[in-house]
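> sequence below, structure please.
(chains A and B)
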Amino acid sequence: MMNHSTASKPADQGLLARKAGLPAKDAKLSMAHMYVAFISLLIGGLMGLLQVLVRTGKMTLPFGIDYYQVLTVHGVILALVLTTFFIIGFQYALMSKTVGMSDGERKWAWISFYVMLIGTVVTAVMILLGKANVLYTFYAPLQAHPLFYIGLALVVVGSWIAVFVNLHQFFKWKKQHRGEVSPLLAFMVAINMIIWFISTLGVAATVVIQLIPWSLGLVDEINVLVSRTLFWYFGHPLVYFWLLPAYMAWYAIIPKIIGGKIFSDSLARLAFIMFLLFSIPVGFHHQLLEPGIDPFWKYIQVVLTFAVAIPSLLTAFSMFATFESAGRAKGYTGLFGFMRGLPWKDVRFFAPFVGMLAFVPAGAGGLINASHQLNQVVHNTIWVTGHFHLTLATTVILTFFGISYWLIPVLTGRKLNAHINRLGIIQTIVWSIGMFIMSGAMHIAGLLGAPRRSSYSEYGGSEQAMEWIGYQYAQAIGGSILFIGILLMVYIFVYMTFFAPKGQEEFPMAETAEDALPTPMVFENWKLWIGLAVALILFAYTIPFIDIIQNSPPGSPPFKWPIGYN
Amino acid sequence: MHLHRYEKIWIIFGTGALLAFLIILGIGAFYQGSQPPSCMVTIDPQNVQAHEAFKEENLGLNQVGENEYVVNILASAFNYDLGKDENGAPVKTIRIPAGAKVTFQATTSDVIHGFELAGTNVNMMLEPGYISEYETTMDNPGTYTLICNEYCGTGHHLMYATVEVYEE
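As a prediction, this is how the structure comes out:
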């Protein structure tokens, strides 16, 4: 029984350590990432508002700004910049709290921050100059300015430095604590960073080997399908890189907030290991409708995609088991009576809980998207946009907001007060209503055939398009409500950073339930799990990838004029 | 690792449901032959006219059997080329009798485009260097809009054509 409680050891070191927040230097590092994240939220949210308004057909953008320029900013700044900065900043806080950070590690973490920041600024400038209206997926042979790709490469390289910092922290702890089970949150951060590293190798390969030389004119042509395949090798684990930090909070932080314990340390680790194994070899489910890929291998990756639903099912069970034990421990009885024992008026619980609820339809929608033939009904329709506004922009983001309500005060040495708690609950409700309307309208319009990523169009007065436009009004209403939610959240962030009363906010970290069984040491066998992950990737990709290269058509020259970049 | 009894039930139920879905998808794909469009034919994207199907005179609707048609489409930013009518004007609408077996055969001469016949299951990606093909039966009469559903540039939302399925 020695092992299991070590998972939450740092939290056991007594009230003093728990109350002490984070070392000031680590807090500053984490906070730097939060500034970038929340500035991104404001800019990206404003772009989203412009999009839904343009799509009603009642508004046009001023100063000759192109719809697709706004769309590119929206995607890049929210899906790539906000997420990456928030996640890396949050993970530094978790690592500092559980395994600590040395001066050397902190120095590298700052280097990582600045490399990513420079990359972001370079990319942003190119987009604002209108030389990179290629959306955040930058599919060749549309070609942006070389600096757009170079900026993105810098963001990835900067994030790799963060990967090495976190892994250095983690494995240093393990060396000092031989034979012990690592702290759960540190274990989870390590898994997430390994997924990130393995998957970004793909996008780095296409950007550095294919896109940059091609955009500089060093090579004349590009292999489009290879580039897309490398992109989607990265593109799906990317969504798990967003989701896993939310799961970290669900598994190891929420139980503390609701006055309960972690239901099972082992189960949490098992789920994360399954994500490591199954989140990467699944990129073909984004390429189901593409020529040049053998449908047999598409199906193999569909099977693996379904496998990645299993750890999410485990997570759903764990969450409700945690809720039930916490409620019952407080004396609430009855089949669902324990729900009354949950702190509904505590925004640190309420916001992520609403995020969890959104994941039920979001996950089901994901299975539809990945269903081999069924994908044909929804592929590239606005259904897909509706889908990831539930997963990323509701489940993940509401959990990130839920984290912010305690993390920002911890980082700034202030307290979450009743004013912000109340505003936070309002923010969550505003967000849910806005998203229900917007995402709902997107799902329905998508089933009717409305395309995603498209500016306002009547398609020559087609009857079908008229039907879609009605739903675009609904999207504009939902989107406007969401923008109010963003303004509220930015106000909350500013208040928590500069104006909230000074004090020591609790860094909530849960302990494992006493009756939970010890965590098997096999979960700490990193060579085994990374080896298996690599083996699955090789299985899923080797043959079809060789096939794609061997049967390649002549390459594609660059096209700049379609994006208005001459 | 010990699992709670309810948890075992939940995992068996969840995994079982996923397996059932996969078996259904697998039977559809490998037994009934309903695979997503995955044409393996390549073409020179800078010289698509070298392929018989995309020669100027073969674009658009071609009747190949009693109730069988092939539609050849050349996509480019921001247009679907369906050939020319008797007066030399570009065809924007093709008309197909209900119940006909139709093979859509398309490619692109520049960037990536989408090919979605809204309201039907015809939906595929067009990528430079590849031919995309989808065979279907157009049972329901009506007017369907062919739209580009993959971003292809500033005029992406202006790229469309029309397919009319008429009752004979």
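> gap between stretch B:149-159 and the chain center?
Centroid separation between stretch B:149-159 and its chain, computed with CA atoms, centre = their mean, to the nearest Å, is 17 Å.
> meant to ask about stretch B:76-86
Counting by CA atoms, centre = their mean, stretch B:76-86 comes out at 17 Å from the chain centroid.
> in that stretch, which residues are buried?
B:S76, B:A77, B:F78, B:N79, B:Y80, B:D81, B:L82, B:G83 (16 or more other CB atoms under 10 Å in any protein chain shown). (Glycine included, C-beta is placed from N, CA and C.)
> just stretch B:15-27 next, same as before
B:L18, B:F21, B:L22, B:L25.
> before we move on, the earlier item: check the buried residues of stretch B:76-86 one by one and keep those near chain A.
Near chain A, taking CB under 8 Å from any CB of the partner chain as the test, the members of the buried residues of stretch B:76-86 found are B:A77, B:F78.
> and the buried residues of stretch B:76-86, which two are furthest apart?
Taking CB to CB as the measure, the buried residues of stretch B:76-86 span a maximum distance of 18.5 Å, between B:A77 and B:G83.
> just the buried residues of stretch B:15-27: which are in strands?
The subset of the buried residues of stretch B:15-27 located in strands under the criterion DSSP state E is empty.
> from chain B, how far off is A:V219?
Noted for A:V219: a distance of 15 Å to chain B, by CB to the nearest CB, to the nearest Å.
> just the element for that residue, please.
Assigned by DSSP states H and E, A:V219 belongs to no helix or strand.
> tell me how many other residues crowd it.
14 (other CB atoms under 10 Å in any protein chain shown).
> give me phi/psi at it?
The phi/psi pair for A:V219 (degrees, to the nearest 10) reads phi -120, psi 150.
> quick one: contacts for it?
For A:V219, the contacting residues are A:P213, by CB atoms under 8 Å, 6 or more residues apart in numbering or on different chains.
> okay, A:A11: pLDDT?
Confidence at A:A11, expressed as pLDDT, is 40.
> thinking again about what came up before, can you tell me which of the buried residues of stretch B:76-86 end up in strands?
B:S76, B:N79, B:Y80, B:D81.
> and the second one, how far is that from chain A?
As judged by CB to the nearest CB, B:N79 and chain A stand 12 Å apart.
> again with the third one
Computed with CB to the nearest CB, the distance linking B:Y80 and chain A is 12 Å.
> secondary structure class of the spatially closest residue to that residue that is not a sequence neighbour, three-state.
Closest residue to B:Y80 apart from its sequence neighbours, by CB to CB, 6 or more residues apart in numbering or on different chains: B:A161 at 4.4 Å. Using DSSP: H, G, I helix; E, B strand; the rest coil, the three-state assignment for B:A161 comes out as strand.
> go on, the one 4 residues further on?
When states are read from three-state DSSP, the local structure at B:V165 comes out as strand.
> can you get me a residue count around it?
21.
> wait, what's in contact with B:Y130?
Contacts for B:Y130 (CB under 8 Å, 6+ apart) come out as A:L225, A:E290, A:P291, A:G292, A:P553, B:C39, B:V41, B:T42, B:I43, B:T107.
> how near is it to B:L117?
19 Å (CB to CB, to the nearest Å).
> which pLDDT value belongs to residue 155?
Since no chain was named, I'll use chain A. Predicted confidence (pLDDT) for A:V155: 97.
> sorry, I should have been clearer: chain B.
pLDDT for B:G155: 96.
> so how far is chain A from it?
The gap separating B:G155 from chain A is 7 Å, by CB to the nearest CB.
> need the contact list for that residue.
Counted by CB under 8 Å, 6+ apart, B:G155 has contacts A:P562, B:A77, B:F78.
> what do you get for A:G331?
By CB under 8 Å, 6+ apart, the contact set of A:G331 is A:G341.
> how about B:N121, phi and psi?
According to degrees, to the nearest 10, B:N121 has phi -90, psi 0.
> how many neighbours does it have?
By other CB under 10 Å, the residues close to B:N121 number 13.
> do the one 10 residues further on as well
Residue neighbour count, defined by other CB under 10 Å, stands at 23 for B:I131.
> A:I429 too?
A count of nearby residues for A:I429, using other CB under 10 Å, gives 14.
> what strand or helix carries it?
Assessed by DSSP H and E, A:I429 sits inside helix A:418-447.
> out of the buried residues of stretch B:76-86, who's nearest chain A?
Comparing the buried residues of stretch B:76-86 against chain A with CB to the nearest CB picks out B:A77 as the nearest, at 4.3 Å.
> check contacts around that closest one.
A:F559, A:P562, B:D110, B:V111, B:H113, B:C152, B:G153, B:G155, B:H156, B:M159.
> would you map out the domains in chain B?
What the record gives for chain B is the domain set B:1-35, B:48-166, from automatic domain parsing.
> which one of those domains lies nearest to A:Y68?
domain B:48-166 (6.3 Å).
> helices of chain B, residue ranges please.
Along chain B, counting by DSSP state H, helices occupy B:5-26.
> just the strands from it, written as ranges.
Using DSSP E, strands in chain B cover B:60-65, B:68-76, B:79-81, B:93-97, B:100-108, B:113-117, B:123-126, B:132-138, B:142-147, B:160-166.
> distance between the ends of stretch A:74-83?
Length of stretch A:74-83, first residue to last, CA to CA, to the nearest Å: 12 Å.
> give me the residues contacting it.
Stretch A:74-83 is contacted from outside by A:36-37, A:40-41, A:43-45, A:47-48, A:51, A:120, A:123-124, A:127, A:135-137, A:152, A:155, A:241-242, A:392-393, A:396, using CB under 8 Å, 6+ apart.
> which ones, among these, also lie beside chain B?
Contacts with chain B within these, as defined by CB under 8 Å from any CB: A:L135.
> just the contacts of stretch A:74-83: which are in strands?
Among those, no member is found in strands (DSSP E).
> tell me where the chain is predicted with low confidence.
Unless you meant another one, I'm taking chain A. Residues of chain A meeting the criterion pLDDT under 70: A:1-20.
> wait, chain B was what I had in mind.
Chain B contains residues with pLDDT under 70 at B:1.
> that older thread, which of the contacts of B:A77 lies closest to A:E324?
Proximity of the contacts of B:A77 to A:E324 (CB to CB) peaks at B:H156, which lies at 49.7 Å.
> give me the neighbour count for the closest one.
Using other CB under 10 Å, B:H156 has 26 other residues around it.
> may I have stretch B:159-168 exported as CSV, CA atoms only?
Extracted in CSV, the C-alpha atoms of stretch B:159-168 (Å, rounded to 0.1, in the frame of the first residue of the first chain):
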residue,chain,number,x,y,z
MET,B,159,-18.0,28.6,-56.7
TYR,B,160,-21.1,26.6,-57.5
ALA,B,161,-23.1,24.9,-60.2
THR,B,162,-26.5,23.3,-60.3
VAL,B,163,-27.7,19.7,-60.9
GLU,B,164,-31.4,19.2,-61.7
VAL,B,165,-32.9,15.8,-61.4
TYR,B,166,-36.1,15.6,-63.3
GLU,B,167,-38.9,13.1,-63.5
GLU,B,168,-39.3,11.5,-66.9
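> now that stretch: buried residues?
Neighbour counts over stretch B:159-168 (16+ other CB under 10 Å) mark B:M159, B:Y160, B:A161, B:T162, B:V163, B:V165 as buried.
> likewise stretch A:439-451?
Result for stretch A:439-451 [16+ other CB under 10 Å]: buried residues A:S439, A:G440, A:A441, A:M442, A:H443, A:I444, A:A445, A:G446, A:L448, A:G449, A:A450, A:P451.
> is the third one in contact with A:G479, as I believe?
Meaning A:A441. No: A:A441 is not in contact with A:G479 according to CB atoms under 8 Å; the separation is 9.6 Å.
> follow-up on the earlier one: closest one of the buried residues of stretch B:159-168 to chain A?
B:Y160 (4.6 Å).
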